[in-house]
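A.B. asks: Got a sequence here, can you build the structure:
(one chain, ligands or ions: 1)
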Amino acid sequence: MAIVESPPHATKRIPRTLLRRFISPRTLQNVRYRWWSLSSDLPRSVSSHFTARSPQVRGFGAVNGSSSLAAELQKVNMVEPTRMCRVMTKYGSDKGRLHRYTTIYSALFKERYGQALRILELGLGTNNPDVPSNMGLFGAPGASLRGWRELFPKALIYGADVDRRILFSEDRIKTFHCDQLDGSSIRSLWSQPDLQDGVDILIEDGLHTFEGNISFLEGSIGHVRPGGIYITEDIMWNDVESWYSRIADIYVRQYPKLEFAFVALVDGENRASNNMLVIRRGVE
Ligand SMILES: C[S@@+](CC[C@H](N)C(=O)[O-])C[C@H]1O[C@@H](n2cnc3c(N)ncnc32)[C@H](O)[C@@H]1O
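C.D. replies: Now for the predicted structure:
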């Protein structure tokens, strides 16, 4: 995501409604998608026939004595764009355009598109500039949730965000309030009747701080079903060493049924934070 930090009350100074009256977010999104298709997607499609580039992956933990998650992700060709990159970009998420997480996801989820999964993403993508980690004035809240819905036609899609103004419900999509810095708010999210069976895919794309990541991970990992995947997106380079220690010294022992792969995507445009943690729960 494009981290756009704004001071509180910034909304008062920006004539948002005026700006939006002249430039519709949808028009801007269409123009941006077409430009990305020509300038990035097409050239990558061509060059992926001749070039391959792997992500940097470091694995931790093991299930049944052998760790395969890191080895699987290491084989992904980051140059090759996928359908998921296009779908996410079409809806206005930056997972495919800026970060290229979708190239990894396409490999990770390739056997699961037709399944009746339960998918939850924290971070809807607010366009309210007074919220940290917002997507800017012309962001499209719910973009990635709509992307997941199109990519997984039998799945139920859930979302959560600290910004109550952008919560919504649509066919196969339901969203809830959650502040990932507040343990009781995370517990209240997981007490929702819809979430009692846990989830198969859980993506954390909320507040991109080490504290926020850890708080949500520790409060939510127990709700990932056997065989499920948990992802933390947009980990800052400054936090990488803290993550390595946390996983190696604590999580590997605390969660023996989980495999961890720390992935650095040096290809993405957003190089300050283009790291992700992928966690897979073994099938019991
Ligand atoms: C980068 S945006 C998510 C983008 C979206 N997933 C997409 O791909 O289009 C980050 C979101 O995190 C939310 N957020 C910020 N602080 C949060 C917190 N403490 N708890 C939960 N969500 C938070 C913001 O409101 C924002 O909607």
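
A.B. asks: ranges for the strands of the stretch 151-284 of the chain?
C.D. replies: 156-161, 169-170, 173-177, 199-204, 224-235, 258-264, 275-281 (DSSP state E, counting those that start in this stretch).

A.B. asks: For the stretch 101-250 of the chain, which residues are neighbours of the ligand?
C.D. replies: Contact residues, the stretch 101-250 of the chain versus the ligand (CB under 6 Å from any ligand atom): 121-126, 131-135, 143-144, 161-163, 178-181, 205-207, 212. All C-beta atoms are positioned from the backbone trio N, CA, C, and that covers glycine.

A.B. asks: before we move on, the earlier item: any chance of JSON lines for the strands of the stretch 151-284 of the chain, columns mean pLDDT, mean neighbour count and distance to Ser54?
C.D. replies: Output for those, formatted as JSON lines (pLDDT from 0 to 100; neighbours: other CB atoms under 10 Å; distance: least, CB to CB, whole Å):
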{"stretch": "strand 156-161", "mean pLDDT": "98", "mean neighbour count": "25", "distance to Ser54": "30"}
{"stretch": "strand 169-170", "mean pLDDT": "98", "mean neighbour count": "10", "distance to Ser54": "37"}
{"stretch": "strand 173-177", "mean pLDDT": "98", "mean neighbour count": "18", "distance to Ser54": "34"}
{"stretch": "strand 199-204", "mean pLDDT": "98", "mean neighbour count": "24", "distance to Ser54": "22"}
{"stretch": "strand 224-235", "mean pLDDT": "97", "mean neighbour count": "20", "distance to Ser54": "19"}
{"stretch": "strand 258-264", "mean pLDDT": "94", "mean neighbour count": "22", "distance to Ser54": "10"}
{"stretch": "strand 275-281", "mean pLDDT": "96", "mean neighbour count": "23", "distance to Ser54": "15"}
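
A.B. asks: need those in JSON lines with distance to Val57, can you?
C.D. replies: Output for the strands of the stretch 151-284 of the chain, formatted as JSON lines (distance: least, CB to CB, whole Å):
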{"stretch": "strand 156-161", "distance to Val57": "27"}
{"stretch": "strand 169-170", "distance to Val57": "35"}
{"stretch": "strand 173-177", "distance to Val57": "31"}
{"stretch": "strand 199-204", "distance to Val57": "18"}
{"stretch": "strand 224-235", "distance to Val57": "13"}
{"stretch": "strand 258-264", "distance to Val57": "5"}
{"stretch": "strand 275-281", "distance to Val57": "9"}
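
A.B. asks: Among the ones you listed, which comes closest to Ser47?
C.D. replies: Ser47 sits nearest to strand 258-264 of all these, at 20.9 Å, using CB to CB.

A.B. asks: tell me what the closest one is packed against?
C.D. replies: Here strand 258-264 touches strand 56-60, helix 69-74, helix 240-245, strand 275-281, going by 3 or more CB pairs under 8 Å, 6 or more residues apart in numbering; DSSP states H and E.

A.B. asks: from the ones you listed, which stretch is densest packed?
C.D. replies: Ranked by mean neighbour count, these are led by strand 275-281 with a mean of 23 (mean count of other CB atoms under 10 Å).

A.B. asks: what's next to that strand, contact-wise?
C.D. replies: For strand 275-281, contacts defined as CB atoms under 8 Å, 6 or more residues apart in numbering pick out 63, 69, 73, 101, 104, 108, 213, 217, 221, 224-237, 240, 243, 247, 257-265.

A.B. asks: Low-confidence stretches in the stretch 101-250 of the chain?
C.D. replies: Filtered on pLDDT under 70, the stretch 101-250 of the chain yields no residues whatsoever.

A.B. asks: Run through the helices of it in chain order.
C.D. replies: Taking DSSP state H, counting those that start in this stretch as the criterion, the stretch 101-250 of the chain carries its helices at 101-108, 143-151, 183-190, 210-220, 240-245.

A.B. asks: Dump these into TSV; add distance to Ile173 as well.
C.D. replies: Below are the helices of the stretch 101-250 of the chain laid out as TSV (distance: least, CB to CB, whole Å):
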stretch	distance to Ile173
helix 101-108	18
helix 143-151	5
helix 183-190	16
helix 210-220	19
helix 240-245	30
